[in-house]
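[1] Any chance you can model this:
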Amino acid sequence: MTSTPDQPSRLDRIELLAIRNTEAIAALTTKLNNLTDKVDNLTDNVSELTSNVNSVLARDAILNDVLLELRDSHEELKHNFEQHQQNFEEHQRTTNAALNQLGAILVQLTRIDPQN
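    Numbering: from 1, shown residues only. As a prediction, this is how the structure comes out:
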């Protein structure tokens, strides 16, 4: 089969198809490389985000432990304050009782020896 000037030969058509296929493969390869770069970038971002989340969760756990310790410490301080308050009130009562007794003794002493 011979080609006419207006029609390319079969070999020319096959060569043209091969060139188009090669160009299409090159374009697809470029797009694939771009997608691979984007996937790598996304993977890096996900890794960084995962690291940040792990860091936040670790800090959260530490802060929760600190908060529990502070709550326990506050409760202990509150209990100690209440105990000190009770002790103070008891000491105040005993001191007042002792002063009243001393006052009564002083009254009795002044009755025994009214000149002083």
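[2] Quick check: Ala61 vs Ser55, distance?
    As for Ala61, its distance to Ser55 is 11 Å (criterion: C-beta to C-beta, to the nearest Å). Using the backbone N, CA and C atoms, a C-beta is placed for each residue, glycine as well.
[3] for Gln7, helix, strand, or coil?
    Assigned with DSSP: H, G, I helix; E, B strand; the rest coil, Gln7 falls in the coil class.
[4] how about Pro8, phi and psi?
    Here is the backbone geometry of Pro8 (degrees, to the nearest 10): phi -70, psi 160.
[5] What segments of the chain are helices?
    Using DSSP state H, the helices found in the chain span residues 10-112.
[6] Poorly predicted segments of it, please.
    Scanning the chain for pLDDT under 70 picks out the ranges 1-5, 114-116.
[7] Try it again at 80.
    Scanning the chain with the threshold set as pLDDT under 80 gives 1-6, 113-116.
[8] How many residues are close by Gln108?
    9 (other C-beta atoms under 10 Å).
[9] Distance check, it against Leu102.
    Taking C-beta to C-beta, one finds Gln108 at 11 Å from Leu102.
[10] what separates Gln83 from Glu89, distance-wise?
    The value you get for Gln83 to Glu89, if C-beta to C-beta is used, is 11 Å.
[11] before we move on, what about Ala24?
    Taking C-beta to C-beta, one finds Ala24 at 94 Å from Glu89.
[12] Perfect, I'm done here.
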